[in-house]
Structure formats: C-alpha cells, structure tokens
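Novice: Have a look at this prediction, sequence included:
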Amino acid sequence: MNLVVALTAFALIFPIELPDKTFIATIVLATRFPGRMVWLGVSAAFGVQCVVAVVAGRLIQYLPEKLVLSITGLAFLIGAVVLLRGAQNEAKEEIDEENKFAASLSKRSREPLTGYRAALLSFAIIFAAEWGDLSQILSAGLVAQGKDPISVFLGSWTALVMVSGLGVVVGKRLTARVSVTLVRRIGGSLCLLLTLLTALRIFGVL
C-alpha cells in the first residue's frame, strides 16, 4: 500500500461529497432509520462502488498512454470546475439534494424500518444514486494513471465512509461549524494541480 496515493485519493473524494448526495442522503436516511444500520448499508454500497471504479481504472490502462492521460486529465479538470463552482452555490445545492432524496425515500418506504431492512434500503438508495458520480470517475482516473489500486480504493472508500459517518453523527450541524466552501476550494485546487501534472506528462515534461 502507498500511503501518499491513499491520502491523495482521500483528499480528492472527501471535499466532493461534503456536502453532496452522499452526505445529504445519509442525513435524510438517519432521520428515519437507526443511524448505525444506515451507516453500515451506505458504507457497503460505497465499498462496491469503489471496487467498480478501481476495476474501471485498470481497464482504462490498456488504452494508449496519451489517450489515458487525456481522459484522466479531463476528469481532473471537470472535478476542479465542479468543486470550485459548488463552493459558491453549496447552500442551494444542499437544499435541492435534501428534497430530492426525501422524495425518493418517501416513495420507497412509508413505514419505519429497523435492523437489516434499514441497512438494505440504505444500500439500495446509495448504490443506485452513485453510479457515474464524480468520486467514481476521479478514483478510476487515479488508477488509470498507474496509481496503486488498493491504495486508491482504501483512500476513496475511507473518505466516503467518513463523510457518511459524519452525516449520521452530526448531520447539518457540521456545515454550521465547518466552512464547506473552503473544503471544496482546497479539493478544487488539488484537482487543478493534478490536471497540470497530467498535462505536463502529456507533453513529455514529466
């Protein structure tokens, strides 16, 4: 395992999901079902999603190097734009996402759930919502550029599990105490740095 790679993956994924679909969905689920079961179900879904992202990244490696670098560089650039723009609009985005997931949850379950059923519903909602998410794309991009898959998986999954855990434990109180705008700007800056490094590799400078 490469600790630097794991920390890079963590630093990329954590600001993307705070607050985003992951965080908001977990808050909504935790207000209706037992928090521990919600967290277990959500964490399991993220584990599967991270495995898929890592496998996709490995498959992309079989493409020509310049094409791989171009694809991953574009993914990092998109991540930077999403994070930096989201830093300006995070309050409105949070409300929209909360309403969306609350409506989805109401359609799926009208009765209180406990135990494994709450975990399964949490798994199903997150599993369906996260396909093609930016966190998956960036994780796949890191692996495609030759980063250690296990380290990328652990860094990405840890970030997602931590965000969902924060959603269960502290919920909206976190956004009142932590500057989400600053967190997203830091993540966006890191994505820009990776975009620059990728461009330098494309032109043979690195």
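Specialist: Good, I have the coordinates.

Novice: from here on, contacts and neighbour counts on C-alpha atoms
Specialist: Noted.

Novice: Next SSE downstream of the helix or strand of the chain with the lowest mean pLDDT?
Specialist: Every helix and strand in the chain was compared by mean pLDDT, DSSP states H and E; the lowest is helix 173-177, with a mean of 58. Per DSSP states H and E, the first helix or strand lying C-terminal to helix 173-177 is helix 180-202.

Novice: would you put the C-alpha positions of that following helix in CSV?
Specialist: The C-alpha trace of helix 180-202 is given here as CSV (Å, rounded to 0.1, in the frame of the first residue of the first chain):
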residue,chain,number,x,y,z
VAL,A,180,-17.7,23.7,3.3
THR,A,181,-16.7,26.4,0.8
LEU,A,182,-13.1,26.3,2.0
VAL,A,183,-13.1,22.5,1.9
ARG,A,184,-14.3,22.5,-1.7
ARG,A,185,-11.8,25.1,-2.7
ILE,A,186,-9.0,23.0,-1.4
GLY,A,187,-10.3,20.0,-3.2
GLY,A,188,-10.7,22.0,-6.4
SER,A,189,-7.2,23.3,-6.1
LEU,A,190,-5.9,19.7,-5.8
CYS,A,191,-7.8,18.7,-8.9
LEU,A,192,-6.3,21.7,-10.8
LEU,A,193,-2.8,20.6,-9.6
LEU,A,194,-3.4,17.0,-10.9
THR,A,195,-4.7,18.5,-14.2
LEU,A,196,-1.5,20.5,-14.6
LEU,A,197,0.7,17.5,-13.7
THR,A,198,-1.2,15.3,-16.2
ALA,A,199,-0.8,18.0,-18.9
LEU,A,200,3.0,18.1,-18.3
ARG,A,201,3.1,14.3,-18.7
ILE,A,202,1.2,14.5,-22.0
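
Novice: Who are the packing partners of it?
Specialist: helix 3-16, helix 65-108 (3 or more Cα pairs under 8 Å, 6 or more residues apart in numbering; DSSP states H and E).

Novice: list the contacts for the spatially most central residue of the chain?
Specialist: By Cα atoms, centre = their mean, the chain has its centre lying nearest to Ser135, at 3.7 Å. Ser135 makes contact with 12-13, 16-17, 156, according to Cα atoms under 8 Å, 6 or more residues apart in numbering.

Novice: Contacts for stretch 148-156, please.
Specialist: With contact meaning Cα under 8 Å, 6+ apart, stretch 148-156 is reached by 1-3, 5-10, 13-14, 50-51, 54, 58, 135, 139, 142-143.

Novice: now those residues: which count as buried?
Specialist: Neighbour counting over those (16 or more other Cα atoms under 10 Å) leaves 5-10, 13-14, 50-51, 54, 58, 135, 139, 142-143 as the buried ones.

Novice: Out of these, flag the one nearest to Phe203.
Specialist: Closest to Phe203 out of those is Leu142 (18.6 Å), distances taken as Cα to Cα.

Novice: Centre of the chain to the helix or strand hosting the closest one, how far?
Specialist: Using DSSP H and E, Leu142 maps to helix 134-144. How far helix 134-144 lies from its chain's middle: 10 Å, per Cα atoms, centre = their mean, to the nearest Å.

Novice: What angle do helix 180-202 and it make with each other?
Specialist: Between helix 134-144 and helix 180-202, the angle comes out at 30 degrees (axes from the mean of the first three to the mean of the last three Cα atoms, to 10 degrees).
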